[in-house]
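[1] what's the 3D shape of this:
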Amino acid sequence: MKKISVDGGALSNNSKNHFGNFTVTQELLRALPLTDQKNKYTVFIQEKKGTDQACLIPTVIDYKVLTPRIGWMKVRISLEEIMHPSDVFLGLNQSLPLYTKGRKIALCHGLSFLKYPDLYPDSHNRMKSEIVQLNRRADHIIVSSTRIKQEWKELVGDSKKIVVIPFGIPHEFLQLKPSKTRKPFLLFVGMNHQIKNLAFIIKAISELRKVDGYQKFKLTLVGVPHLSDKPKYVQCIPHASHKELLALYRSTSCLVSASLYESFNLPVLEALSQNTPVVATDGAVIPELKKYVTLAKDNTTDFAKTIAEVIKKSLTINQDQLRKEFNWERYAISLSSLLNK
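    This next block holds a predicted model:
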């Protein structure tokens with residue numbers, strides 16, 4: 001049996017902080033006990049688990065609250081690793097403590113800040129430093145797509161440590177409920193960041209609304225608190241629970257994404273799991289998901305045209321294949337093989 005320490009810093013009781021890292025951490029910690037009975041996991045968290053987390057996360061894993069939050073990863077977890085050394089440290093948030101005696105396995109969530117540094121003026125240097133540290137110190141670096149592995153090789157110069165394991169469909173989205181009616185609105189799920197290319201999407205929808213039969217179509221932006229001077233046909237929803245997202249995925253005519261860069265794009269997978277068609281530009285979709293998505297050219301006219309074509313076709317998604325390829329138990333099995341080396 002190995003003692004494995006896990007960075008659970010992304011686990012928050014505040015639902016407004018439940019972004020991609022929260023979902024990845026939660027889903028992995030749910031799947032690991034189902035596939036690995038050999039090892040003992042201690043997950044370091046910053047606050048006591050709330051009621052929702054207690055229900056969602058298996059109790060067979062030990063959770064340990066570490067305080068204070070200042071210097072939490074570099075100093076506090078390092079101190080914990082000195083006092084209670086582990087055999088393996090699993091860094092789920094692209095970071096490692098200054099000290100840990102055991103092997104180090106870390107997740108890298110993408111390199112958008114290296115490809116588009118001008119879009120990350122306040123965090124580019126910090127995130128670049130984290131990548132340099134991961135490359136130097138980690139024994140294995142897990143990424144969610146072959147795209148990131150190739151970019152790591154191009155930008156960092158070495159990909160020998162890189163292991164590709166795609167994410168799975170979150171458990172809340174595993175239940176497939178047929179949609180009776182698709183409503184005349186398009187859906188975006190993400191955040192208001194320049195990398196998401198929202199201005200492109202809004203312009204494309206404006207062009208779509210000029211086409212016969214699409215004049216009443218609207219755009220719903222989930223995860224976007226506010227947009228100045230937004231058109232009347234654009235609705236902003238600052239936050240949506242998984243239950244609310246399910247309802248949106250099942251009722252929208254199409255999910256749209258035009259990001260300049262995505263390391264995975266979980267909303268695309270969530271939408272596909274509900275038989276919702278997806279139209280996206282090339283940069284917004286990882287290679288592993290492209291066969292399930294309709295790609296559009298990187299201009300608003302073609303993007304709008306592709307949306308109209310997809311809505312008319314009523315495309316069918318191979319759910320059996322999708323759920324086989326993007327499965328958290330499969331992820332956990334692949335991870336366990338690294339942990340048990």
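
[2] Identify all contacting residues around stretch 309-323.
    Stretch 309-323 is contacted from outside by 169, 174, 176, 182, 253-254, 269, 272-273, 275, 277, 279, 292, 294, using C-beta atoms under 8 Å, 6 or more residues apart in numbering. Bear in mind the C-beta positions are built from the backbone N, C-alpha and C, glycine included.

[3] switch the cut-off to 6 Å
    For stretch 309-323, the surrounding residues in contact (C-beta atoms under 6 Å, 6 or more residues apart in numbering) are Ser253, Cys254, Leu272, Asn275, Pro277, Val279, Tyr292, Thr294.

[4] Adding secondary structure, distance to Lys312 and neighbour count, write the residues you listed out as TSV.
    Formatted as TSV, the contacts of stretch 309-323 follow (DSSP: H, G, I helix; E, B strand; the rest coil; distance: C-beta to C-beta, whole Å; neighbours: other C-beta atoms under 10 Å):
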residue	secondary structure	distance to Lys312	neighbour count
Ser253	strand	10	19
Cys254	strand	11	22
Leu272	helix	19	24
Asn275	coil	16	19
Pro277	coil	11	23
Val279	strand	12	26
Tyr292	helix	18	22
Thr294	strand	12	17
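
[5] and which of those residues is nearest Leu221?
    Leu221 has its nearest neighbour among those in Cys254, at 14.0 Å by C-beta to C-beta.

[6] Could I have the CA atoms of the helix or strand hosting Ser206 written out in PDB?
    According to DSSP states H and E, Ser206 maps onto helix 198-208. Output of helix 198-208 as PDB, limited to C-alpha atoms (Å, rounded to 0.1, in the frame of the first residue of the first chain):
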ATOM      1  CA  LEU A 198     -17.200  36.200 -27.100                       C
ATOM      2  CA  ALA A 199     -17.200  39.100 -29.500                       C
ATOM      3  CA  PHE A 200     -16.800  36.700 -32.400                       C
ATOM      4  CA  ILE A 201     -19.700  34.600 -31.200                       C
ATOM      5  CA  ILE A 202     -22.100  37.500 -30.700                       C
ATOM      6  CA  LYS A 203     -21.300  38.800 -34.200                       C
ATOM      7  CA  ALA A 204     -21.900  35.400 -35.700                       C
ATOM      8  CA  ILE A 205     -25.300  35.100 -34.000                       C
ATOM      9  CA  SER A 206     -26.100  38.600 -35.300                       C
ATOM     10  CA  GLU A 207     -25.500  37.300 -38.800                       C
ATOM     11  CA  LEU A 208     -27.500  34.200 -38.100                       C
END
